[in-house]
Every structure is written in C-alpha cells, then in structure tokens.
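Enquirer: heads up, no residue letters with this:
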Ligand code: MN
C-alpha cells in the first residue's frame, strides 16, 4: 500500500513527499487550510529532504568506512524516517466527512481488541491527549496477539521507523553481556556478528516482503 499511487512516498531510490488525498481546504473547519498547507508543504517536506540527506550520509560513511558520525546520522534517519512514515499515514487518517460509523469488520475487530468501539475511541483520545511533550497517538496492529493496540509515541521515533518488521536483533542491555564482557559492549557486538543467524533473517525478510507487497498494484 506504500507504493500505491495514492500513498506514493518513495520513488526511484528517493523518499518523496506524497500528494494529499484531498484539497488543502477539504478538512475545514476542523483542520484549517493554512495549517494543512504549512504542515504538508513545509514540515513534511522537511522530513523527506532530511531523510534523503541522512541516507546519503550513510552511503558515504560505508564507502569511506568512516563511522565517526554514526550515532547522529542514525538518529537523523530514525527521526526523519518516522516523521515521513507517520505524516504519510496521518494525511490518510483524516477525510472530509470522517468520524461517524466504521466498517463492520473494523467494528468487530475493535470490540475484540478493546471490548467496545466506544472504549477504543475514548482510550485513543485519552492516550493521545496525554502524550508527554511532542508525539503521536497511534492505533496499531500488534502481530503477536493479532489484535489492535493503542500506543503513545514521544517525538516520532526513539530510534525506529514505524512499520518496520524486525529481522535480526541484538540485545545491548547490560544484562545481556555484562557478566562476560563487563563494560565492553563493542566486543560483545563484534562477537554477536559472528553468531548472527542470517538464514533466519533471510526467511523473515522474505515473509515480511511478501506480506507487504501482497496487495501491491
Ligand atoms: Mn507533524
């Protein structure tokens, strides 16, 4: 769905600013034209430009084997990448004449996940209002329980891009390595790289890719 013409957010190797699915004044008076214009044309465009710039910096770093700025650049990717993903979803999270009834499948999934539609809506609103500082309220599909959950997100990211499927993970909490490596996390990570199960990662990659592209036009 990320690649449908409606939500085109990446093209020819670059992240791109997707078109709005409605006119700038279509959400008046709840969401005003001037705010929407600035939000989409300036803010969202800014995330896209900075994300592409960060991706180029990483390409350069790999070429030069120079990872001196890796923490800052990884943070730029997470912040701007998550900003890009969340804003792309945000434009589609609203529509002229929205609110009101929802499709019956959504209604029963919500009842299953939250007890009632009303409970889901009030939790979503309460959680969103209570986000500390800047961030998002997020209704999400949680694949372990195969139910919906409501999350608060501070800023955009905390070092992820929303919607990714993890393929291979390495624990760097101290409990994961301290007994053997003490404060030498780098040595633990280097050794983890010699343990990495790339077959497992490859399987998950294929699974995730085929799931994500199943409905692609
Ligand atoms: Mn925003």
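Expert: Now that the structure is in, tell me what you want to look at. Quick caveat, the model's predicted, so the values are computed rather than measured. Numbering: from 1, shown residues only.

Enquirer: What are the boundaries of the helices in the protein?
Expert: With DSSP state H, the ranges of helices along the chain come out as 33-37, 45-64, 70-92, 104-114, 117-129, 178-181, 185-193, 198-213.

Enquirer: what's the closest residue to residue 148 other than its chain neighbours in contact with, if anything?
Expert: Distances taken as CB to CB, 6 or more residues apart in numbering place residue 113 nearest to residue 148, at 4.2 Å, with adjacent residues excluded. Any C-beta I mention is one placed from the backbone N, CA and C, and that applies to glycine too. Residue 113 makes contact with 120, 147-149 under the criterion CB atoms under 8 Å, 6 or more residues apart in numbering.

Enquirer: Show me the residue at the heart of the chain, geometrically.
Expert: Nearest residue to the geometric centre of the chain (CA atoms, centre = their mean): residue 162, 1.6 Å.

Enquirer: wait, what's in contact with that residue?
Expert: Contacts of residue 162 (CB under 8 Å, 6+ apart): 82, 85-86, 138, 153, 156.

Enquirer: Out of those, grab the one that's most surrounded.
Expert: residue 82 (24 neighbours; other CB atoms under 10 Å).

Enquirer: My read is that that residue contacts residue 154, right?
Expert: No - checked against CB atoms under 8 Å, the pair residue 82 and residue 154 is beyond contact range at 11.0 Å.

Enquirer: Just the closest of the contacts of residue 162 to residue 36, please.
Expert: residue 86 (15.7 Å; CB to CB).

Enquirer: separation between that closest one and residue 121?
Expert: As judged by CB to CB, to the nearest Å, residue 86 and residue 121 stand 20 Å apart.

Enquirer: likewise residue 145?
Expert: Using CB to CB, residue 145 is found at 20 Å from residue 121.
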